[in-house]
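S.K.: sequence unknown, structure follows:
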Ligand SMILES: Nc1ncnc2c1ncn2[C@@H]1O[C@H](COP(=O)(O)OP(=O)(O)OP(=O)(O)O)[C@@H](O)[C@H]1O
């Protein structure tokens, strides 16, 4: 039995059309499944909690997420026991950083084929962010500062829908990224890693804590990050002019930014981040509100993810 959690609103409503095609295929192939369409923000977490509680570590349920990167963090957050689930993913979002990082098929039809065949299982690290008294899991990255502020504004702008319909979704990120940079106030930040390493920076743009190599629709911010190494990769951008940051960003698509002065890459198992003033927080590109303190650590258990054949 396959359980599908579907975000019909992903990719500005395209998720529903894609799901209808996949559903027709499941029916045609007589595959036993149940599907649940999310009705509001946070619904995928509730559904995931209910479905995952049907499984046990000895008899895990196959839970398939159909949506974008933001639906992944909701589903991961809801899973009651990571050992009780076999996780499948069909991309219907716009960012696709999870697919990129995990080398999963970007084509929904190919992803469904791989899930039905249960080609291969990979154990994925699952990080957790604790902020303002709430705890969430995420699959890709979470962080504070400029990148989170851009995500928050993109999510709230009515233009996202229009640009996505025109297949120009990336342009809206570019416009907002430029606008935010112009008015950005830099801040001080202290990173406290694994309980013993402490780094302090003034004039910080952002810090992202990454489980995968990519965030923000293809920025290879942590080129050596792996969701299988039991470690978190961390990038901090600080102490450079706005112009230099702007010139640095395109090089990050190729992972070449790591040599730029003011870019710092770390590895750790847990990290506490404190800022001099409350700043924007994101988890898998979804808003995490505003905070001056977050903690991120890896869960003790990994998650079984269905992967395509190599
Ligand atoms: N029925 C719904 N109505 C409105 N929002 C919803 C609904 N179901 C889910 N959501 C919200 O949609 C948001 C975005 O979803 P998701 O990230 O999956 O798609 P996307 O933004 O198109 O893709 P990506 O993050 O990859 O760019 C999530 O925050 C989720 O909570």
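M.R.: Yep, that arrived. Predicted model, so just to flag it, every value in this text is computed and none were measured.
S.K.: what residues does the stretch 201-310 of the chain put near the ligand?
M.R.: Applying C-beta under 6 Å from any ligand atom, we find that the stretch 201-310 of the chain lies next to the ligand at 285, 286. Just so you know, the C-beta spots here come from the backbone N, C-alpha and C atoms, and that holds for glycine as well.
S.K.: which residues in the stretch 201-310 of the chain form strands?
M.R.: Using DSSP state E, counting those that start in this stretch, the strands of the stretch 201-310 of the chain run over 232-238, 263-268, 270-283, 286-298, 303-307.
S.K.: mind listing what the longest one pairs with, with the direction of each?
M.R.: Taking DSSP bridges as the criterion, strand 270-283 sits next to strand 141-145 (antiparallel), strand 187-193 (antiparallel), strand 286-298 (antiparallel) in its sheet.
S.K.: and it, how far out from the chain middle?
M.R.: Its chain's C-alpha centre and that of strand 270-283 lie 17 Å apart, by C-alpha atoms, centre = their mean, to the nearest Å.
S.K.: do the shortest one as well
M.R.: Average the C-alpha atoms of strand 303-307, do the same for its chain, and the two points are 16 Å apart (C-alpha atoms, centre = their mean).
S.K.: quick one on the thing from earlier: residue 188: which of the strands of the stretch 201-310 of the chain is closest?
M.R.: strand 270-283 (3.9 Å; C-beta to C-beta).
S.K.: average pLDDT for that closest one?
M.R.: Averaged across strand 270-283, pLDDT comes to 96.
S.K.: same check on stretch 1-20?
M.R.: Mean predicted confidence for stretch 1-20 is 94.
S.K.: who touches it?
M.R.: 26, 31-38, 44, 47-48, 51, 54, 61-68, 70-71, 75, 88, 90, 92-94, 108, 115, 160-161, 164-165 (C-beta atoms under 8 Å, 6 or more residues apart in numbering).
S.K.: which of these are buried?
M.R.: Neighbour counting with 16 or more other C-beta atoms under 10 Å marks 26, 36-38, 44, 47-48, 51, 61-68, 70-71, 75, 88, 90, 92-94, 108, 115, 160, 164 as buried within the contacts of stretch 1-20.
S.K.: so which of the residues you listed belong to strands?
M.R.: 36, 37, 61, 62, 63, 64, 65, 66, 67, 88, 90 (DSSP state E).
S.K.: now flag whichever of those residues is closest to the ligand.
M.R.: The ligand has its nearest neighbour among those in residue 67, at 3.5 Å by C-beta to the nearest ligand atom.
S.K.: how confident was the prediction at the closest one?
M.R.: 97.
S.K.: which one of the strands of the stretch 201-310 of the chain lies nearest to residue 190?
M.R.: Nearest of the strands of the stretch 201-310 of the chain (C-beta to C-beta): strand 270-283, 4.7 Å.
S.K.: ok, for the residue of the chain found nearest the ligand, nearest residue in space, not its chain neighbours?
M.R.: Residue nearest to the ligand within the chain: residue 68 (2.0 Å; C-beta to the nearest ligand atom). Spatially, and ignoring its direct neighbours in sequence, residue 68 is nearest to residue 93 (1.8 Å; C-beta to C-beta, 6 or more residues apart in numbering).
S.K.: next one, pLDDT for the one you found please.
M.R.: With respect to pLDDT, residue 93 has a value of 89.
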